[in-house]
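Colleague: predicted coordinates and the sequence they were generated for:
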Amino acid sequence: MELEAKNPYDKNAKIFKIQINDGNLWNLIKVDQIYFATYEYEDITNKVKLVSIKYPSEPNDNKSEK
């Protein structure tokens, strides 16, 4: 299974495909949601394999309230 991805914070980012080998993970990914993902290139044809994925943290996660 593959999904198309790009850096949502870079207006010049190009779309690329990431291979997902876990059906359970595939079912948890939501369309049009922004995630932080790490991936690795498997070969010279730019085949990309997903290593980890998580929701991005909220902007105020590390700030204490006064």
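Modeller: Structure received. Residues are numbered from 1 along each chain as shown.
Colleague: so the most centrally placed residue in the chain bridges to which residues?
Modeller: The centroid of the chain falls nearest to Ala37 when counting by CA atoms, centre = their mean (3.5 Å). With DSSP bridges as the criterion, Ala37 is bridged to Ile53.
Colleague: confirm that Tyr39 sits in a strand.
Modeller: Yes. Membership of Tyr39 in a strand is supported by DSSP: H, G, I helix; E, B strand; the rest coil.
Colleague: residues in contact with it?
Modeller: Ile18, Val48, Lys49, Leu50, Val51 (CB atoms under 8 Å, 6 or more residues apart in numbering). No exception for glycine: its C-beta is placed from N, CA and C like everyone else's.
Colleague: host element of the first one?
Modeller: To tie it back to what came earlier, the one meant is Ile18. Here Ile18 sits within strand 16-19, counting by DSSP states H and E.
Colleague: check which residues of that strand are buried.
Modeller: Buried positions in strand 16-19, judged by neighbour count with 16 or more other CB atoms under 10 Å: Phe16, Ile18.
Colleague: next one, pLDDT for the closest residue to Pro8 other than its chain neighbours please.
Modeller: Of all residues not flanking Pro8 in the chain, Ile34 sits nearest, at 5.3 Å (CB to CB, 6 or more residues apart in numbering). pLDDT for Ile34: 83.
Colleague: look up how far Ile44 lies from Ile34.
Modeller: 29 Å (CB to CB, to the nearest Å).
Colleague: picking up where we left off before, just among the contacts of Tyr39, which is most surrounded?
Modeller: When neighbours are counted by other CB atoms under 10 Å, Leu50 leads the contacts of Tyr39 with 21 neighbours.
Colleague: go ahead and confirm that one touches Phe16.
Modeller: No. Using CB atoms under 8 Å, Leu50 is not in contact with Phe16; the gap is 11.6 Å.
Colleague: list residues touching both of these two?
Modeller: Counting by CB under 8 Å, 6+ apart, Leu50 and Phe16 have no contacts in common.
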